[in-house]
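Colleague: this is a predicted model, with the sequence first.
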Amino acid sequence: MNVDLFDFELPEHLIAQTPLADRTASRLLALNKETGDIAHRTFTDLADYLQTGDVLVLNNTRVIPARLTGIKPDTGAKIELLLLKQLEGDRWEALAKPAKRMKVGAELWFGDNGSGEPLLRAVVEDEGDMGSRTIRFHYEGIFQELLDRLGEMPLPPYIKERLEERERYQTVYAKHEGSAAAPTAGLHFTKEFLQQLVDKGVKLAYVTLHVGLGTFRPMSVDKVEEHEMHSEYYELDEQNASIINEAKSSGARIIAVGTTSSRTLETVAARFEGGPIEACSGWTDIFIFPGYSFKLVDALLTNFHLPKSTLVMLVSALAGREAIMKAYGEAVREEYRFFSFGDAMFIY
């Protein structure tokens, strides 16, 4: 299957640069995956599509201020690091820019302790592909506090505007720190709207998937089947596994909020071979594209994604490529806002 089948024209002015003042004020394109029918609604109309007993599955990962800018003490050159995932202890996988200056043994300094010494020091231990590096940090104090002080939120490269408020790149239910990017479908919710859905009889369940390199890595192959996903860490606890099992056994719908929740649910479903799921954790590199048969996910709330991206392929697996391409064409004509801070799409 050729990657170009998932390409579409997107005018640059449709790429949302800033979040809306009201999280729930975005538009909602509703796509019926059985009929292909499209409706243009507002986000809070999602309540009209949800029924008593439905389970919304939300990814409660929390984005860390993972973008660090430091200097090489020997040359004074500025280097940017994007922390992708914690390996163990103070070792991290990161993207370096420019990577060619970050060979094994190279040092980076961040901040100043007032005595000419850095607050945080990084040493390259290994070189990966496409600019990735294994980094070990050296410091005194608490790493997370230093990261909060020295780091910036890792907004995607297509967002050029400065984010005035860090929390607008977090979901209101973000809990477990570890992501290099936000699960953006969840950015549309407020606590009040979630409570409104609960009052209607909708149940909430939570998974954790720490978003990593897969979000930033473009496809570099021509054939979809040749692409390899980067692995990301996920967790599901016993309480939330029970909520999902009860819904599935009663015939209620499992509605994933975001592609990260979808990938987590489908990873867990495969782990338990379609039977009742259990609390578990691990690493997933699941790649969902047309031809895939969903085991747990019945419906999906998502944003509008980049052309030729693995995320467009995932939604095409759920609704069909032709229906998605038609819906995306209509979204462009209707001038929906695209990507992280953009509008929402509900596939049901």
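Modeller: Okay, I see it.

Colleague: paired strands for the helix or strand encompassing residue 136, with orientation please.
Modeller: Per DSSP states H and E: residue 136 is located in strand 132-139. Taking DSSP bridges as the criterion, strand 132-139 forms sheet pairs with strand 91-97 (antiparallel), strand 120-127 (antiparallel).

Colleague: just name the most buried of these.
Modeller: Comparing the strands paired with strand 132-139 by mean neighbour count (mean count of other Cβ atoms under 10 Å), strand 91-97 ranks first with a mean of 20. To be clear about C-beta, it is placed using only N, CA and C from the backbone, and glycine gets the same treatment.

Colleague: what comes into contact with that strand?
Modeller: Where contact means Cβ atoms under 8 Å, 6 or more residues apart in numbering, the residues beyond strand 91-97 that reach it are 79-87, 102, 124-125, 128, 130-137, 212-213, 216.

Colleague: just stretch 6-24 next, same as before
Modeller: So stretch 6-24 is contacted by 26, 43-44, 158-161, 163, 168-169, 172, 187-190, 193, 224, 307-309, 312-313, 316, 321, 325, 328-329, 332, 335-343 (Cβ under 8 Å, 6+ apart).

Colleague: within its local environment, how many residues does residue 285 see?
Modeller: Residue 285: 12 surrounding residues under other Cβ atoms under 10 Å.

Colleague: just residue 236 next, same as before
Modeller: When neighbours are defined as other Cβ under 10 Å, residue 236 has 25 of them.

Colleague: so the closest residue to it other than its chain neighbours bridges to which residues?
Modeller: Closest residue to residue 236 apart from its sequence neighbours, by Cβ to Cβ, 6 or more residues apart in numbering: residue 207 at 5.2 Å. Judged by DSSP bridges, the bridge partners of residue 207 are residue 59.

Colleague: so residue 207 makes contact with residue 232?
Modeller: No - counting by Cβ atoms under 8 Å, residue 232 is not a contact partner of residue 207; they are 11.7 Å apart.

Colleague: most distant residue from the middle of this structure?
Modeller: residue 115 (39.3 Å; Cα atoms, centre = their mean).

Colleague: show me where pLDDT drops low in the chain?
Modeller: By pLDDT under 70, the low-scoring segments of the chain are 213-217.

Colleague: and it, what are its domains?
Modeller: The record's domain split for the chain, according to automatic domain parsing, is 3-63+165-347, 67-150.

Colleague: coming back round to it: just the buried members of the contacts of strand 91-97?
Modeller: Neighbour counting by 16 or more other Cβ atoms under 10 Å classes 79-86, 102, 124, 131-135, 137, 212-213, 216 among the contacts of strand 91-97 as buried.
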